[in-house]
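Next one to model:
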Amino acid sequence: MAQPDFLKHNLAAQCEDLAGEINKVYQHLPWARKNEVIVRLKRNIHQLAEEVQKAQASQSAMTTQTRLREAISLVHECVPLLSLLLKKVLVSPELHTRWIKQLNDMDKALSTWLKGATLK
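As a prediction, this is how the structure comes out:
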């Protein structure tokens with residue numbers, strides 16, 4: 001049986017890459033450490049990477065489903081945070097577009113994975 005497309009990509013690594021990119025953008029901006037939206041985005045994106053990693057390492061279907069639901073929830077929290085940062089001109093339109101696309105792609109992959117994990 002062929003491996004589904006979403007399993008061919010290391011989603012945890014993709015989440016870590018995105019978290020690293022977000023950290024890099026804001027790391028040398030002292031005011032960013034005090035901005036509640038940026039702090040929350042960084043916390044959520046790192047938690048997303050952790051949840052996906054735990055889902056990938058899980059040996060239990062129930063645990064995998066729980067981790068995936070949490071990861072999807074975190075994606076859904078990050079998108080409006082990014083939109084708020086764009087509105088406040090705290091992220092460039094280019095980065096906003098790229099990060100939103102990455103989050104939407106992750107959302108699709110995680111949802112497909114959850115659907116597959118639920119059917120078993």
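
ok, how many other residues are close to residue 33?
Taking other CB atoms under 10 Å as the neighbour definition, residue 33 ends up with a count of 11. To be clear about C-beta, it is placed using only N, CA and C from the backbone, and glycine gets the same treatment.

Pretty sure it sits against residue 42.
No - the criterion here is CB atoms under 8 Å, and residue 33 misses it with residue 42 at 9.5 Å.

what's the distance between residue 73 and residue 66?
When distances are taken as CB to CB, to the nearest Å, residue 73 and residue 66 turn out to be 11 Å apart.

what do residue 33 and residue 42 both touch?
Listed as contacting both residue 33 and residue 42 by CB atoms under 8 Å, 6 or more residues apart in numbering are residue 26.

what's the helix or strand that residue 112 is a member of packed up against?
Residue 112 is part of helix 93-119 when elements are defined by DSSP states H and E. Other elements packing on helix 93-119 under the criterion 3 or more CB pairs under 8 Å, 6 or more residues apart in numbering; DSSP states H and E are helix 11-26, helix 36-57, helix 61-87.
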